[in-house]
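In: this one's sequence-less:
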């Protein structure tokens with residue numbers, strides 16, 4: 001039996017791309033999952049159907065995570081459905097657009113920070129008391145933050161604001177691990193590299209750029225959403241483990257910390 005069997009999980013942006021793969025893998029690992037989405041519920045409906053075949057519970061809610069009250073309500077909805085919260089996966093975020101320093105005005109910079117860092121902070125703040133309560137009963141709780149290789153290396157051209165935000169996610173992860181560790185909550189991050197087949201790279205990465213990046217990856221291929229999802233399940237499963245404050249790089253060897 002999986003150590004995650006029966007664990008209650010909230011996944012932000014969990015109905016498309018990497019988030020959808022993470023939600024699916026968590027269901028298959030035995031979790032009950034509450035999924036956040038922003039606009040389209042297509043993936044959420046597919047997850048609910050899959051959960052039923054697996055004998056697991058799954059529900060979803062839409063929310064604009066740039067709004068504090070929406071973050072608070074999302075966590076309340078998840079806890080009400082799940083009966084508590086053992087694991088939080090902070091997956092929501094986006095490059096939004098590629099802008100240089102000169103092109104990135106104050107509004108764009110604030111929007112990027114709010115989406116990639118502010119939403120994560122707000123959801124985590126709302127979820128922390130519930131995770132702490134679960135840790136007391138179940139021996140631990142886990143937070144998994146989605147960062148990016150861009151937060152390690154600085155990213156490709158035009159990703160200054162996004163890279164800065166994802167670098168802050170890595171620092172947030174380390175600092176929060178120290179703060180929440182005494183409550184039994186482990187906090188770790190994932191830093192994916194080039195993960196093709198997602199709306200992120202379909203929108204923001206040209207085929208030429210992708211080919212050039214793949215040429216420099218030691219394993220000789222781009223990643224896919226399942227590569228990230230398997231790592232997320234591993235870190236989620238560390239709810240009672242000894243790994244915290246860590247970043248797991250998923251990039252085929254192009255960057256090794």
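Out: That came through fine. As the structure is a prediction and not an experimental result, all values here were calculated from the model.
In: contacting residues for residue 254?
Out: Taking C-beta atoms under 8 Å, 6 or more residues apart in numbering, we find residue 254 in contact with 149, 193, 194, 213, 216, 217, 218. (Each C-beta comes from the backbone N, C-alpha and C, glycine too.)
In: how much space is there between the last one and residue 92?
Out: Looking back up the chat, that one is residue 218. For residue 218, the distance to residue 92 equals 30 Å [C-beta to C-beta, to the nearest Å].
In: Counting neighbours, go ahead and name the busier of those two.
Out: A direct count of neighbours by other C-beta atoms under 10 Å for residue 218 and residue 92 places residue 92 higher, at 23 against 9.
In: what stretches of the chain score poorly on pLDDT?
Out: Filtered on pLDDT under 70, the chain yields the residue ranges 1, 199-205, 257.
In: and residue 170, how many residues sit next to it?
Out: For residue 170, the count of nearby residues is 17 (other C-beta under 10 Å).
In: next one: the one 4 residues further on
Out: Other residues within reach of residue 174, judged by other C-beta under 10 Å, total 16.
In: helix or strand right after the helix or strand containing it?
Out: Per DSSP states H and E, residue 174 falls inside helix 160-180. Heading C-terminal from helix 160-180, the first helix or strand you meet, by DSSP H and E, is strand 185-192.
In: Neighbouring strands of that following strand in the sheet, and parallel or not?
Out: Using DSSP bridges, the strands paired with strand 185-192 are strand 141-146 (parallel), strand 247-250 (parallel).
In: among those strands, which is the most enclosed?
Out: Among the strands paired with strand 185-192, the stretch with the highest mean neighbour count (mean count of other C-beta atoms under 10 Å) is strand 141-146, at a mean of 27.
In: ok and it relative to helix 160-180, angle-wise?
Out: Strand 141-146 and helix 160-180 are oriented at 170 degrees to each other (axes from the mean of the first three to the mean of the last three C-alpha atoms, to 10 degrees).
In: Secondary structure element holding residue 23?
Out: If you go by DSSP H and E, residue 23 is part of helix 17-28.
In: Can you report how many residues neighbour residue 175?
Out: Residue 175 has 12 neighbouring residues, counting by other C-beta under 10 Å.
In: cool, and residue 149?
Out: Using other C-beta under 10 Å, residue 149 has 22 other residues around it.
In: How about the backbone phi and psi for it?
Out: phi -60, psi -30 (degrees, to the nearest 10).
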